[in-house]
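J.: This is a predicted model, with the sequence first.
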Amino acid sequence: MSSWTEQCVERWKGKLAVVGATKPQPGASQAPEALAPTRQPLPAPPQPVIERPALKLDNGNFVTTSTLTNRTCKWPIGDPAELDFHYCGQPSESGGSYCDAHHRKGHQLGARIPAIHWKSPLTRSR
């Protein structure tokens, strides 16, 4: 299933940069093709991210903060305040902090995180 809808494609088409447009010289007779702007091609839709289930250790428990290693995926699953909080734990094949699926999921193009404006309780309101 692709996450690219017709609406997404149309939005991307509208955002493409116009490059190579030239201004006609006064009195110059140029072919219309030379005056037409050129557009960059649409980027390929991202491949779907297929996550593997969280790894269970030999004792049947999930990977927790105390059992993480430098070779396990550190993608958090659940609420850290809850008892069932754990990590993905799958091998991080690229040598990073996450397995390949979670690395791609965390670095999706176009994914925007809304800005959180935190106001210190110590500041005075004006």
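T.: That came through fine.

J.: From now on I want contacts and neighbour counts done on CA atoms only, so please keep to that.
T.: Fine.

J.: hang on, isn't residue 73 packed against residue 99?
T.: Yes - using CA atoms under 8 Å, residue 73 makes contact with residue 99 at a distance of 5.2 Å.

J.: Who has more neighbours out of the two?
T.: Set side by side, residue 73 and residue 99 show more neighbours around residue 73, with 27 against 24, by other CA atoms under 10 Å.

J.: Excluding its own residues, what touches stretch 82-97? List them.
T.: 52-56, 62-65, 68, 70-80, 98-100 (CA atoms under 8 Å, 6 or more residues apart in numbering).

J.: from those residues, which would you call buried?
T.: Among the contacts of stretch 82-97, those classed as buried by neighbour count (16 or more other CA atoms under 10 Å) are 54-55, 62-64, 71-76, 98-100.

J.: In helices, which of those fall?
T.: Per DSSP state H, helices hold the following members of the buried ones among the contacts of stretch 82-97: residue 100.

J.: In TSV: the buried ones among the contacts of stretch 82-97, plus distance to residue 39 and pLDDT.
T.: Shown next, in TSV, are the buried ones among the contacts of stretch 82-97 (distance: CA to CA, whole Å; pLDDT from 0 to 100):
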residue	distance to residue 39	pLDDT
54	43	90
55	45	89
62	49	93
63	48	92
64	49	91
71	43	89
72	43	92
73	40	92
74	40	93
75	38	93
76	40	94
98	36	91
99	36	90
100	32	88
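
J.: Residue 74 and residue 13, how far apart?
T.: Computed as CA to CA, to the nearest Å, the residue 74 to residue 13 distance reads 36 Å.
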